[in-house]
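J.: whatever this is, show me its structure:
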Amino acid sequence: MKTKQRKIKRTLTSPYKPLPKGERGGVELLLVHSVEHVGKQGQVVEVKPGYAYNYLIPHGLATLASDHHKRMVDKHKVKLQQIELARQAELRKQAAELAKQSITIEANATEDGHLYGSVGAADIVAALKNSDIHLSSDQIRLEGPLKELGLYTVKVRYSSEVEGELKVWVVPAVAAEA
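T.: Now for the predicted structure:
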């Protein structure tokens, strides 16, 4: 006895709706927050589809560039600018407070002052956490790893407009005596 098999029609479905295409073949989005190297809050930008689907939209940094969203941004543009100015003022205040601070990092070094390893952004962030200052390692701007003992001035980038400085002392590690 043969049974009849039905063909199941398969359709490819995507959990995402297609986004509006831009003039250059990218995707048009409206930025909810300022994104470095992309644009400022409230701008309509064109980015590659992968960047839009995998980063900007899931992190809440951008939304569809629909007429409704554009009208809402135009309506609230003054309020958004005030919020952004307040945020920038708060970041400048944090940068000024950080400039008054200095941190000390102990590292193993030779007698000449050369480190066996190096001190990088992750080490600086860990030392700052001990002082109850929370930054991420991508905010620390080093020209290269610190490989010698001494005092360094490290740049800290809070946003595209606000940068601060931090004094970092790299001192030799004290050997524990038994």
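J.: count the neighbours of residue 115 for me.
T.: 18 (other CB atoms under 10 Å). Quick note: C-beta positions are derived from backbone N, CA and C, even for glycine.
J.: ok, residue 84 - contacts?
T.: By CB atoms under 8 Å, 6 or more residues apart in numbering, the contact list for residue 84 reads 34, 41.
J.: for it, what are phi and psi?
T.: Here is the backbone geometry of residue 84 (degrees, to the nearest 10): phi -70, psi -40.
J.: what's the answer for residue 59, then?
T.: Main-chain dihedrals, residue 59, degrees, to the nearest 10: phi -90, psi 0.
J.: and it, how far is that from residue 72?
T.: Distance from residue 59 to residue 72, counting by CB to CB, to the nearest Å: 20 Å.
J.: more neighbours: which of those two?
T.: It is residue 72, of residue 59 and residue 72, that has more neighbours when counted by other CB under 10 Å, with 14 against 11.
J.: where does that one land in three-state SS?
T.: State at residue 72, reduced to three classes by DSSP: H, G, I helix; E, B strand; the rest coil: helix.
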